[in-house]
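>>> here are the coordinates; sequence isn't available:
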């Protein structure tokens, strides 16, 4: 009798699901659907037991329970990266779209949008997997295959809520041509895993483009933010998290035509208490398995003068380097070299991702929770990191009212104090 394989159900049960949607996008039996779990505040896969054969493919492509970064990086880029914070790269740049509207309306200078439009108009791709807010459900994102410039432009901008981008892999698998995929680091991880198991998928994806991500937020974060502005979530007609120059602003249009605009700095911190728990166990901020990574250029000299937006760009593969050079030559984008040390210094959350991850994982284990398995080089946490991470979780769970977790965290705090006293006594 053939042994049934593990399924994505185990990942969800262990609290390790990222909600990336890869499993639903590649299921050969269409047995998975990504639905919003209101308690967790993000997408989770719902299994149709009548369709599921427990083939185990959903488990194999899932980045939630673990990721072998070293093996994938070596296979894709030739060797293991020496730079722990940034990963393997060929070039480091800063730039923006040369189309003024595209630059002004994008989250980080419109770089990704401009590169996609260039690739589409020059026949390098037949479409791109991108994400927009769902028509008719403005607080819910939907990923789709954009096949026109207009569709690509309409999907521009950050989405500070869960996104199940991997669901759109189903469209790629049933379409002819070659495509670009745009997603967060976790989306790219899932897609890279899927390419190893799904015949023909890798040949259909020409470019993997990752946007930087320090952390993502539950759907309740946006709902709470809207209510703090005196806006009922049910009254929202359209919502844009970023755009209108840099660093940008939230814009909400209500059904009665009322428009509310809030600068990024005034609303971003309000999302903090609604950080997705699984996102805090991520080690990849800059999309280390992508062909090309982009994100806000938090470079001091740029921040002081740039009001339209610029993006850092890391090219990781020759294909990405060629794409960037060609787009610059055709004046779709403007780029210049960026010292990688300056880039690393500007991305402060890399410290959170790379050094303090060990402390966060230890806290999870001490509270009896599962953690993912990674194979990659990380910085070793120092003693103060454990205290910092305890404060980090306590602040978020206190503000979000999660009392069971708080009780466990306070228990961990007592254990840490006891260990410190014992060390001091024996010194």
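In hand now; what should we look at? As the structure is a prediction and not an experimental result, all values here were calculated from the model.

>>> okay, CA-based contacts and neighbour counts for the rest of this
Fine.

>>> how close does the most centrally placed residue in the chain sit to residue 285?
Geometric centre of the chain, nearest residue: residue 184, 2.9 Å, by CA atoms, centre = their mean. Remark: distance between residue 184 and residue 285 (CA to CA, to the nearest Å) = 9 Å.

>>> Kindly report the same for residue 195.
For residue 195 relative to residue 285 (CA to CA), the value is 21 Å.

>>> higher neighbour count, the two?
Neighbours were counted for residue 195 and for residue 285 using other CA atoms under 10 Å; residue 285 has more, 26 against 17.

>>> where does the more buried one fall, helix, sheet strand or coil?
Classification of residue 285 by DSSP: H, G, I helix; E, B strand; the rest coil places it in coil.

>>> That one: what's it in contact with?
Neighbouring residues of residue 285 by CA atoms under 8 Å, 6 or more residues apart in numbering: 185, 212, 213, 214, 349, 350, 353.

>>> Nearest residue to the fourth one in space, please, no chain neighbours.
Right, the one you point to is residue 214. Nearest residue to residue 214 in three dimensions, chain neighbours excluded: residue 285, at 5.5 Å (CA to CA, 6 or more residues apart in numbering).

>>> and that neighbour, backbone torsions?
When quoted as degrees, to the nearest 10, the phi and psi of residue 285 stand at phi -90, psi -30.

>>> Now do it against residue 213, distance only.
For residue 285, the distance to residue 213 - CA to CA - is 5 Å.

>>> so what sits against both of the two?
Both residue 285 and residue 213 are contacted by residue 185, under the criterion CA under 8 Å, 6+ apart.

>>> What does the pLDDT read for residue 349?
Residue 349 is assigned a predicted lDDT (pLDDT) of 74.

>>> And for residue 32?
What the model reports as pLDDT for residue 32 is 98.

>>> My read is that it contacts residue 21, right?
No: assessed by CA atoms under 8 Å, residue 32 is found out of contact with residue 21, at 9.2 Å.

>>> Same drill for those two, tell me which one is more crowded.
Applying other CA under 10 Å to residue 32 and residue 21 shows that residue 21 carries more neighbours, namely 29 against 24.

>>> how about the helices in the stretch 101-250 of the chain?
Applying DSSP state H, counting those that start in this stretch to the stretch 101-250 of the chain gives helices spanning 111-121, 149-154, 169-173, 185-197, 201-204, 219-228.

>>> Which neighbours do residue 32 and residue 21 have in common?
In contact with both residue 32 and residue 21: residue 45, using CA under 8 Å, 6+ apart.

>>> sorry, back to before: show the model's pLDDT score for the residue nearest to the centre of the chain.
On pLDDT, residue 184 comes in at 98.

>>> quick one: it and residue 288 touch, right?
No: contact criterion CA under 8 Å: residue 184 and residue 288 do not qualify, at 10.5 Å.

>>> helices and strands of the protein: which one has the lowest mean pLDDT?
Lowest mean confidence among the helices and strands of the chain (mean pLDDT, DSSP states H and E): helix 403-426, at a mean of 62.

>>> how about stretch 384-397: buried residues?
For stretch 384-397, burial by neighbour count (16 or more other CA atoms under 10 Å) applies to 385, 386, 387, 389, 390, 393, 394, 396, 397.

>>> Now intersect those with the strands, please.
Within these, no residue falls in strands by DSSP state E.

>>> could those residues be laid out in a markdown table, adding distance to residue 153 and pLDDT?
Below are these laid out as a markdown table (distance: CA to CA, whole Å; pLDDT from 0 to 100):
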| residue | distance to residue 153 | pLDDT |
| --- | --- | --- |
| 385 | 41 | 91 |
| 386 | 43 | 89 |
| 387 | 44 | 86 |
| 389 | 38 | 87 |
| 390 | 41 | 86 |
| 393 | 37 | 85 |
| 394 | 40 | 82 |
| 396 | 35 | 75 |
| 397 | 37 | 70 |
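
>>> Looking at the residues you listed, which one is closest to residue 138?
residue 396 (25.9 Å; CA to CA).

>>> Secondary structure element holding the residue nearest to residue 82 when sequence neighbours are not counted?
Spatially, and ignoring its direct neighbours in sequence, residue 82 is nearest to residue 88 (7.2 Å; CA to CA, 6+ apart). Taking DSSP states H and E as the definition, residue 88 sits outside all helices and strands.

>>> what about residue 88, how many residues close to it?
With other CA under 10 Å as criterion, residue 88 counts 24.

>>> Distance check, it against residue 77.
For residue 88, the distance to residue 77 - CA to CA - is 7 Å.

>>> who touches both of the two?
Contact with both residue 88 and residue 77 is made by residues residue 316, according to CA under 8 Å, 6+ apart.

>>> so what strands line up beside the longest strand seen in the chain?
Scanning the chain for the strand with the most residues, using DSSP E, yields strand 137-146. Note on strand 137-146: by DSSP bridges, its sheet partners are strand 127-134 (antiparallel).
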